Each structure stands twice: as structure tokens, then as C-alpha cells.
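A.B. asks: below are the sequence and a predicted model for it; my questions follow.
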Amino acid sequence: MAWHVYIAQAPTGRYYTGITEDPTQRIIDHNEGRGAKFSLDQGKLKLMYVSAPCEDKSSARLREMQIKGWTRVKKEKLIRREWK
């Protein structure tokens with residue numbers, strides 16, 4: 001399976017960025033308490049963005065780290081597909 005970078009949003013408005021092979025299932029896992037501590041603290045996550053398939057897990061991880069370093073404004077542009 002291909003790896004994807006995803007961005008989810010908590011009810012508090014904060015964004016969570018991660019990688020997975022199955023973004024939809026990963027959000028379910030987060031929301032059922034099988035994900036990051038972030039989702040336990042911030043509430044149920046809503047999937048906002050899924051990347052195109054990455055070459056491999058390593059590439060997905062590098063892209064995740066890049067996006068995590070971005071400002072909120074830049075992440076929102078990516079979510080709206082105004083930024084790559």
C-alpha cells in the first residue's frame with residue numbers, strides 16, 4: 001500500500017499532521033482512542049487533507065516533518081489546494 005500524509009483538525013481548531021497507509025481508518029483509530037495523545041486531549045478529529053501517494057514511508061515521513069514546520073496559514077493553503 002502507498003503512504004500518505006494527512007492533516008486532521010480537532011474541535012479546538014488545532015491541526016494534527018501524520019502519515020498512514022489508510023487515512024480514513026487512521027482518523028477512526030484516533031477517534032476511538034487508538035491514536036496519538038493529541039486526539040485524546042483535543043477531541044474527535046476531522047480529516048481535512050490527504051496527500052497524493054508518497055514513494056515510500058520514508059518520503060511520507062520527510063513530507064510530514066516539512067508540513068509540521070509550516071505556519072497555520074500555509075497549512076490552510078495546502079488544505080484548500082492553494083499550495084503544494
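C.D. replies: Okay, I see it.
A.B. asks: show me what the helix or strand bottoming out on mean pLDDT in the chain is packed against.
C.D. replies: Every helix and strand of the chain was ranked by mean pLDDT, DSSP states H and E. The lowest is helix 37-42, at a mean of 79. Helix 37-42 sits against strand 15-20, with contacts defined as 3 or more C-beta pairs under 8 Å, 6 or more residues apart in numbering; DSSP states H and E. Just so you know, the C-beta spots here come from the backbone N, C-alpha and C atoms, and that holds for glycine as well.
A.B. asks: buried residues of the helix or strand just after the strand it packs on, list them for me.
C.D. replies: Downstream of strand 15-20, the first helix or strand assigned by DSSP states H and E is helix 23-31. By neighbour count on 16 or more other C-beta atoms under 10 Å, the buried set for helix 23-31 is P23, R26, I27, D29, H30.
A.B. asks: contacts only, for the closest residue to K75 other than its chain neighbours.
C.D. replies: Counting by C-beta to C-beta, 6 or more residues apart in numbering, Y15 is the residue found nearest to K75 once chain neighbours are left out, at 5.6 Å. Y15 makes contact with I7, A8, Q9, M48, R72, K75, according to C-beta atoms under 8 Å, 6 or more residues apart in numbering.
A.B. asks: of the residues you listed - the most surrounded one?
C.D. replies: A8 (26 neighbours; other C-beta atoms under 10 Å).
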